[in-house]
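Dropping a prediction and its sequence here:
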Amino acid sequence: MPWWIWPIALFAVSFVIGIVAVLAGVGGGVLFVPIVGGLFPFHLDFVRGAGLMFALAGTLSAGPPLLRGGMASLRLVMPLALVGSVASFAGALVGLSLSTALLQTMLGILIIGIAFVIWYLRGADSAAVGADALAALLRLEGQFHDPAAGMTIDWRTHQTLLGLAAFGGIGFLGGVFGLGAGFANVPALNLLMAAPLKVAVGSSGLLISVINSSAAWVYIHRGALLPLIVVPSILGVMLGSRIGALLLGVTPAAMVRRLVIVVMLLAGVRALTRGLGIWT
Amino acid sequence: MDLIKSDRALRELYARWLDIATKAGFVISLVCFLLYAGRVLPAFVALEELPRYWTLPVNQFIRLTGAPSGWAWLGELGYGDGLNLLAIALLGLVTPLCYARLVPALIAERDWLQAALALAQLAVLLAAASGLVAG
């Protein structure tokens, strides 16, 4: 097949993933890495590098409206991102030293696991919690106006140490596999730390943009970013995310969510069979 | 200034810089890619040759093609692929740029703890970007 088919196909796939990811409320990397790793001819090293840049570009693009709408909290993001970015950097170093078969197998298991987590988990509305000492010191609190509910919500978080530990683990996995890890950020912020769901979703995007910025440099310096793979992917997701945001109000979210779970299960099984050498 | 107003001002500042830098990054990436894929600039690894190599692990890819790693790509900006790495690297610098803008604003508000966190994050991002600890 001629070389130019692949960047066009990558742009198209990334554009669609960009739309679907926004509609389903998941980070695009969790779809991009298994789909491109399973269906395109590129080595997983290059796919993971592109996956990190893909998630970075999508979240950078979505950041300004989330911040202006009060859905992303800088105060909440800063301590968590610091721990996450150190862990993500370490994860990227570890990921580039593991064998491809092992990575494919682990990726398959992880993606199938995440699909089940998305299936079972539901977001919780913000509960009124008392801030712990660390949260009070860091002033992890805020106020945001929810136009859909027509109310202003004052929020504060708790279990800060557990939250920091969770973001260390999430950042490490994201670095190893080239994922944005939004699937884990949102439950950690919402269910563990008690941030309101919309603040959790918005802050998760901002967290990914900070955390992936450190891991991306590992891939740049190791020569694992191929422009012919990375650039069409980031252009596709940047455009797709914008379209997805426009479609958000008119698309049945439950249907999209089911579609994402099915795609993730298929992509996960594909990565697993590739890793185990059953279907390469 | 109370916490809510101060947070809103900081979010607006970060959003403004993020918005400008991201849009600039998109345009720069698009232009650089068109120069590369449209063959206006020569490629360090010929476009027709890439499918033979992109199935290989990165270490083998670099050994067989002589493609740059570390900061060596800065010496290859006359090539389409080198120029595109610059565009990608600029996207990797958007967050450090926004944090760098945030630090003086936090210091001006005497929000020492958040300023220290922002400075620490900036140090981590710049250490990662420097390549000194990337191996």
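Sure, I can see it. Quantities reported herein were computed from a predicted structural model and do not represent experimental measurements.

Flag the shaky bits of chain B, pLDDT-wise.
The model of chain B has pLDDT under 70 over residues B:1, B:134-135.

Point to the residue nearest the middle of it.
residue B:92 (2.0 Å; CA atoms, centre = their mean).

Run through the residues that contact that residue.
Contacts for residue B:92 were tallied using CB atoms under 8 Å, 6 or more residues apart in numbering or on different chains; they are A:56, A:213, A:216, A:217, A:220, B:129. Just so you know, the C-beta spots here come from the backbone N, C-alpha and C atoms, and that holds for glycine as well.

mind checking which helix or strand the closest residue to it other than its chain neighbours is in?
Nearest residue to residue B:92 in three dimensions, chain neighbours excluded: residue A:216, at 4.8 Å (CB to CB, 6 or more residues apart in numbering or on different chains). Assessed by DSSP states H and E, residue A:216 sits inside helix A:197-221.

Check which helices and strands that helix sits against.
In this structure, helix A:197-221 packs against helix A:44-68, helix A:74-95, strand A:141-146, helix A:160-177, helix A:182-187, helix B:80-92, helix B:94-108, helix B:112-130, with contacts taken as 3 or more CB pairs under 8 Å, 6 or more residues apart in numbering or on different chains; DSSP states H and E.

tell me what the last one is packed against?
With contacts defined as 3+ CB pairs under 8 Å, 6+ apart, the packing partners of helix B:112-130 are helix A:74-95, helix A:133-138, helix A:197-221, helix B:94-108.

buried stuff in it?
Judged by neighbour count (16 or more other CB atoms under 10 Å in any protein chain shown), helix B:112-130 contains these buried residues: B:114-115, B:117-122, B:124-129.

From residue A:197, how far off is residue A:212?
As defined by CB to CB, to the nearest Å, residue A:212 lies at a distance of 22 Å from residue A:197.

ugh, typo on my part, it should be residue A:87
24 Å.

residue ranges with poor pLDDT in the stretch 101-250 of chain A?
For the stretch 101-250 of chain A, the stretches with pLDDT under 70 are A:122-128, A:148, A:180, A:248-250.

Flag every residue of it that's near chain B.
A:137-139, A:141-143, A:209-210, A:213-218, A:220-232, A:234-235, A:238 (CB under 8 Å from any CB of the partner chain).

PyMOL command to pick out the buried ones of the residues you listed?
Restricted to buried positions by 16+ other CB under 10 Å, the PyMOL selection for those reads:
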select buried, chain A and resi 138+139+141+142+209+210+213+214+215+216+217+218+220+221+222+223+224+225+226+227+228+229+230+231+232+234+235+238
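
re earlier: deepest of the helices and strands packed on helix A:197-221, which one?
For these, the largest average neighbour count (mean count of other CB atoms under 10 Å in any protein chain shown) is found in helix A:44-68, namely a mean of 28.

mean confidence for that helix?
Mean pLDDT, helix A:44-68: 89.

which non-adjacent residue is nearest residue B:77?
Per CB to CB, 6+ apart, closest to residue B:77 is residue B:83, 5.4 Å.

go on, residue B:131?
residue A:221 (4.2 Å).

so what's the one you found up against?
Neighbour list for residue A:221: B:69, B:70, B:71, B:131, B:134 [criterion: CB under 8 Å, 6+ apart].

ditto for residue B:56
A:43, B:64.

now the angle between helix B:80-92 and the top helix by length along chain B, please.
Secondary structure of chain B per DSSP state H: the longest helix is helix B:3-37. Angle of helix B:3-37 versus helix B:80-92, following axes from the mean of the first three to the mean of the last three CA atoms, to 10 degrees, is 180 degrees.

quick check, distance from helix B:3-37 to the centre of its chain.
Its chain's C-alpha centre and that of helix B:3-37 lie 12 Å apart, by CA atoms, centre = their mean, to the nearest Å.

list the buried ones in it?
Buried residues in helix B:3-37 (16+ other CB under 10 Å): B:6-8, B:10-11, B:13-15, B:17-19, B:21-22, B:25-26, B:28-29, B:32-33, B:36-37.

Which strands or helices does it pack on?
Contact partners of helix B:3-37 among helices and strands, from 3+ CB pairs under 8 Å, 6+ apart: helix A:44-68, helix A:74-95, strand A:141-146, helix A:227-247, helix B:80-92, helix B:94-108.

Show me what the third one is packed up against.
Taking 3+ CB pairs under 8 Å, 6+ apart as the contact definition, the neighbouring helices and strands of strand A:141-146 are helix A:74-95, strand A:151-156, helix A:197-221, helix B:3-37.

Could you dump the ones you listed into CSV with distance to residue A:277 added?
Compiled in CSV, the helices and strands packed on strand A:141-146 are given as follows (distance: least, CB to CB, whole Å):
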stretch, distance to residue A:277
helix A:74-95, 20
strand A:151-156, 49
helix A:197-221, 26
helix B:3-37, 34
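
pretty sure residue B:36 contacts residue B:82?
No. The criterion here is CB atoms under 8 Å, and residue B:36 misses it with residue B:82 at 9.2 Å.

before we move on, back to that, got a markdown table for the contacts of residue B:92, with distance to residue A:267 too?
Output for the contacts of residue B:92, formatted as a markdown table (distance: CB to CB, whole Å):
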| residue | distance to residue A:267 |
| --- | --- |
| A:56 | 20 |
| A:213 | 26 |
| A:216 | 22 |
| A:217 | 27 |
| A:220 | 26 |
| B:129 | 31 |
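
Just give me the closest of these to residue B:45.
residue A:220 (16.3 Å; CB to CB).

Does the closest one touch residue B:85 like I think?
Yes. Counting by CB under 8 Å, residue A:220 touches residue B:85, with 7.0 Å between them.
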